[in-house]
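# A structural model of the following input is requested.
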Amino acid sequence: MPCEGCLERDNKSTDATMEFLLLGFSELLCLRVLLFLIFLIVHLVTLAGNLMIFTAVVMQTSRPPMLSFLCLLSAIELCYTLVIVPKTLLGLIVVEGSTISFIGCAAQMHLFVALGGAECFLLVAMSYDRYIAICQPLHYVAVMSEGFCLRLAVACCLGSFAIALGLTVAIFRLPFCRSHRINHFFCDVSAVLHLTCTQGYSPELPLLAACVLLLLFPFLLILTSYVCIASALLHITSSMGRGKAFSTCITHLAITLLHYGSATFMYIRPKSSYSPAQDKMVSLVYTNITPLLYPLIYSLRNKEIKRVLRKMFRRKKIAQLNSDSITAVICICGEF
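Alright, predicted model coming up:
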């Protein structure tokens, strides 16, 4: 039952006119300019890195399954940062905090959860790719066909968007208290849920169900894949072959640990343990730092990505040389 002082939800126009105030980092007034510059630089570098990988892979005529998955992962990270960071930068400019409408807050939460969930499911698909490549190498080409990879990618996106929609609708149907001040820099699930005027644990059940579907279940599938991979590696007698097989999993393992470490800490816990200051710091990691690290991990650890990037830069260099040659010829002809 809603507590006293909750918003009346009978008026249909309430949701359209209702606004939330994102406090962001209003307590750090003296560091606003520094934080804005740091966030802006990190955001631009993140966009450039992911866009470079996405463009390099898309330009390839034939792409192995892992490259296709990394391309989709880069696209997800691009959308992920664009959903969160611009509003964060705006909040650092506005001293009193930035406002966001009821619909805007719901949309931001839905996209944030959906893109994060799509990444979870995509990590499962990537772990399955590694499992087939190491445990069943003779069947790899037949199993991981282009059509199957496309269906996996579509299933990852549709499944996460459906779960995120259910969670968002369940949260925003709850009554909110008079205070609309969200002590966060975006409409995070925990921060919005903390504003609801409800008692007991029943309002947290949709979040728990989403965590099971988006975090726990995918993590168990990834863990199962790597148990099978570890078992297969033990049967490889050559240390060189074992090291080569393990090196193909390093990139995926690093991304998985970064993604699941932060998400598990944030969402698999009761509402009563919500700590705004702590949550904002952890949120900074998985909304700003991890998207920045992903392109670095791809380019440093994945041989296929490095090969594709070298090919792209070589093609640009050749195109630049040809352009310079044509310009020189035109200038020489002009003299005559």
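# shaky segments in the stretch 101-250 of the chain?
Applying pLDDT under 70 to the stretch 101-250 of the chain picks out residues 178-179, 199-200, 241, 244-245, 248.
# all strands of the stretch 51-200 of the chain, in order?
Counting by DSSP state E, counting those that start in this stretch, one finds strands in the stretch 51-200 of the chain at the ranges 98-101, 181-182.
# dump the longest one to PDB, keeping only the CA atoms.
In PDB, the C-alpha atoms belonging to strand 98-101 read as follows (Å, rounded to 0.1, in the frame of the first residue of the first chain):
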ATOM      1  CA  SER A  98      19.400  18.600 -14.700                       C
ATOM      2  CA  THR A  99      15.700  17.800 -15.000                       C
ATOM      3  CA  ILE A 100      14.300  14.800 -16.900                       C
ATOM      4  CA  SER A 101      10.700  14.100 -17.700                       C
END
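# for it, which strands pair with it and how are they oriented?
Counting by DSSP bridges, the strands paired with strand 98-101 are strand 19-22 (antiparallel).
# mind listing what's buried along the strand it pairs with?
Neighbour counts over strand 19-22 (16 or more other Cβ atoms under 10 Å) mark 20-22 as buried. Every C-beta, even on glycine, is put in place using the N, C-alpha and C of the backbone.
# ok, stretch 224-232 next?
Neighbour counts over stretch 224-232 (16+ other Cβ under 10 Å) mark 225-226, 228-229, 232 as buried.
# again, but for stretch 281-292
For stretch 281-292, the neighbour count (16+ other Cβ under 10 Å) marks 283-284, 286-288, 290-292 as buried.
# for those residues, give me CSV that also has secondary structure, distance to His252 and pLDDT.
Below are these laid out as CSV (DSSP: H, G, I helix; E, B strand; the rest coil; distance: Cβ to Cβ, whole Å; pLDDT from 0 to 100):
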residue, secondary structure, distance to His252, pLDDT
Ser283, helix, 24, 81
Leu284, helix, 24, 79
Tyr286, helix, 17, 78
Thr287, helix, 21, 82
Asn288, helix, 22, 82
Thr290, helix, 14, 81
Pro291, helix, 16, 83
Leu292, helix, 18, 83
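# perfect, I'm done here.
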